[in-house]
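Peer 1: The following block contains a protein sequence and its predicted model.
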Amino acid sequence: ATPTAVMVATGVGANNGVLIKGGDALERAQMVKYVVFDKTGTLTQGRATVSSVKVFTGMERGDFLTLVASAEASSEHPLAKAIVDYAQHFHFFVEPSAMKDSKSPRKESKFSGWLLDVLDFSAIPGRGVQCFIHGKRVLVGNRKLLTESGVTISTEAENFMVELEESAKTGILVAYDETLIGVLGVADPLKREASVVIEGLTKMGVRPVMVTGDNLRTALAVAKEVGIEDVRAEVMPAGKADVIRSFQKDGSIVAMVGDGINDSPALAAADVGMAIGAGTDIAIEAADYVLMRNNLEDVITAIDLSRKTFSRIR
Ligand code: ADP
Ligand code: MG
C-alpha cells in the first residue's frame with residue numbers, strides 16, 4: 001500500500017473511533033490469526049455488581065458488609081468497587097437503623113462515618129486484599145488467598161462457590177480472625193455485542209481466545225456464553241504475556257484486546273495490541289490500537305480496515 005493509502009486508512013479508523021498508532025500496526029492487523037481477549041472489562045461490561053451475600057456465622061448482614069467494604073475501600077479492583085458500592089447502598093438505603101442514627105448520611109463523603117478503621121492494608125495481585133480490623137486479620141479474595149493464608153474453606157462455602165461459578169459469577173471469600181465468615185457473589189454481564197463479534201471473527205478465520213485471572217469454572221461459564229472454546233484461566237498478569245508468546249511460537253500473528261493494568265504486558269507482547277478506550281492509561285499506552293467506542297465490533301473494523309488497505313484477503 002502507498003503512504004497515501006495508509007494515511008487514508010488511519011483517517012477512516014479515526015472517524016470510526018479506532019485510533020491506530022502507526023502504519024506498522026495497521027499492516028500487521030490483516031495477518032492476525034489469534035485474538036486473545038481479557039475477560040473482565042473487555043468481554044464483560046466491567047460493571048460488576050454484587051448478586052448474592054451469604055454469611056455463615058451469626059453476624060448481622062449489615063455488619064458483614066461493613067467489614068468487607070472497609071477491607072476493600074482502599075483497593076482499586078473492580079470487584080472491590082462493586083462490594084463497596086453494594087455495602088454503601090445497603091447501609092444508607094436498606095438498613096433502617098443506619099438511617100435513623102445518622103444526621104444526614106447521604107451528604108457524608110463516601111468513606112466517612114460508616115467504614116471501620118483499617119490497619120496494614122495490602123492488595124495481593126490475582127488474589128485479593130488483606131488488612132487488620134479491630135486487631136483481627138481480614139482476608140477478602142479467592143481460594144488461593146485463603147488457602148495460602150492458612151484459612152480452611154468449609155464444605156458449605158465451597159459448595160456455594162461452585163454454585164456461583166457455574167452461573168458465571170465470581171465468588172469472593174471473606175475471613176475474619178482466621179475463620180471463614182461469608183461469601184459474596186459478583187456478576188459482570190457480557191457486553192451486548194460480544195457473542196456476535198466472536199462469531200464474526202471465527203467466520204473471518206480468526207481464532208478467539210479468552211485469558212483471565214478469574215477462576216476456571218467462572219471463565220468456562222462466561223466463555224460458553226460468548227462462544228469461545230479456548231480458555232486460559234487463573235493467569236497472573238505476567239502470565240498473560242506468556243500466553244501471547246505461546247501463540248506466537250509458530251510464527252502466528254497474535255492480537256490482544258484488554259483494558260487493565262494487568263493486560264499491559266500482554267498488550268505490549270502482542271503483534272497487535274488493542275486497548276479498550278475506557279481502559280486504564282497504562283493499557284492504552286502499551287497498545288497499538290485504541291478502541292475509543294469501547295465496542296468490540298471495532299476489533300473486526302480494525303482487521304477489515306487492514307485487510308482492505310493491504311488488499312491481501314485470505
Ligand atoms: P482479571 O484478569 O479477571 O482482571 P485479577 O488478576 O485482577 O483478574 O484477579 C484475579 C482474581 O483475584 C479475581 O477474580 C478475584 O477472585 C481475586 N481478586 C483480586 N483482587 C481482588 C479484590 N480486591 N477483592 C476480591 N478479590 C480479588
Ligand atoms: Mg480487564
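Peer 2: Looks like it arrived, so ask away. Numbers count the residues shown, from 1 in each chain. Ligands and ions are numbered 1, 2, ... in the order given.
Peer 1: near ligand 2, which residues of the stretch 151-300 of the chain show up?
Peer 2: Within the stretch 151-300 of the chain, the residues that sit near ligand 2 (Cβ under 5 Å from the ion) are 259, 260. No exception for glycine: its C-beta is placed from N, CA and C like everyone else's.
Peer 1: Next one, pLDDT for whatever residue of the stretch 151-300 of the chain ends up closest to ligand 2 please.
Peer 2: Nearest residue of the stretch 151-300 of the chain to ligand 2: residue 260, at 3.8 Å (Cβ to the ion). If you check residue 260, the pLDDT there is 87.
Peer 1: ditto for the one 3 residues further on
Peer 2: pLDDT recorded at residue 263 is 93.
Peer 1: So which residues of this protein form helices?
Peer 2: All helices of the chain, identified by DSSP state H, fall at 3-15, 23-29, 61-72, 78-89, 96-101, 143-148, 155-166, 194-203, 216-226, 237-248, 264-269, 281-286, 297-310.
Peer 1: Let me have the ones you listed in TSV, extended by distance to ligand 1.
Peer 2: Output for these, formatted as TSV (distance: least, Cβ to the nearest ligand atom, whole Å):
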stretch	distance to ligand 1
helix 3-15	27
helix 23-29	24
helix 61-72	6
helix 78-89	4
helix 96-101	23
helix 143-148	7
helix 155-166	10
helix 194-203	15
helix 216-226	8
helix 237-248	6
helix 264-269	10
helix 281-286	11
helix 297-310	18
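Peer 1: Turn those helices into CSV, including mean neighbour count.
Peer 2: CSV is the format used below for these (neighbours: other Cβ atoms under 10 Å):
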stretch, mean neighbour count
helix 3-15, 14
helix 23-29, 19
helix 61-72, 22
helix 78-89, 20
helix 96-101, 10
helix 143-148, 17
helix 155-166, 16
helix 194-203, 18
helix 216-226, 19
helix 237-248, 18
helix 264-269, 24
helix 281-286, 19
helix 297-310, 21
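Peer 1: worst average pLDDT in the ones you listed?
Peer 2: helix 96-101 (a mean of 48).
Peer 1: Looks like residue 26 contacts residue 14 (just checking).
Peer 2: No - at 11.7 Å, residue 26 does not count as touching residue 14 under the criterion of Cβ atoms under 8 Å.
Peer 1: which neighbours do those two share?
Peer 2: Taking Cβ atoms under 8 Å, 6 or more residues apart in numbering as the criterion, residue 26 and residue 14 both touch residue 20.
Peer 1: does the residue of the stretch 151-300 of the chain closest to ligand 2 really touch residue 38, like I thought?
Peer 2: Yes - between residue 260 and residue 38 there is a contact under Cβ under 8 Å: 6.6 Å.
Peer 1: more neighbours, these two?
Peer 2: Applying other Cβ atoms under 10 Å to residue 260 and residue 38 shows that residue 38 carries more neighbours, namely 27 against 24.
Peer 1: Contact partners for that one?
Peer 2: Residue 38 makes contacts with 210, 211, 212, 240, 256, 257, 258, 259, 260, 262, 263, 266, as judged by Cβ under 8 Å, 6+ apart.
Peer 1: what sits against the first one?
Peer 2: Each residue near residue 210 by Cβ under 8 Å, 6+ apart is listed here: 36-39, 43, 219, 222-223, 226, 228, 230-232.
Peer 1: That one pairs with what?
Peer 2: residue 37, residue 231 (DSSP bridges).
Peer 1: Look up how far residue 30 lies from it.
Peer 2: Distance check for residue 210 against residue 30: by Cβ to Cβ, to the nearest Å, it reads 23 Å.
Peer 1: okay, now the closest residue to ligand 2 within the stretch 1-150 of the chain: neighbour count?
Peer 2: Closest residue of the stretch 1-150 of the chain to ligand 2, Cβ to the ion: residue 41 (3.6 Å). Residue 41 has 24 neighbouring residues, counting by other Cβ under 10 Å.
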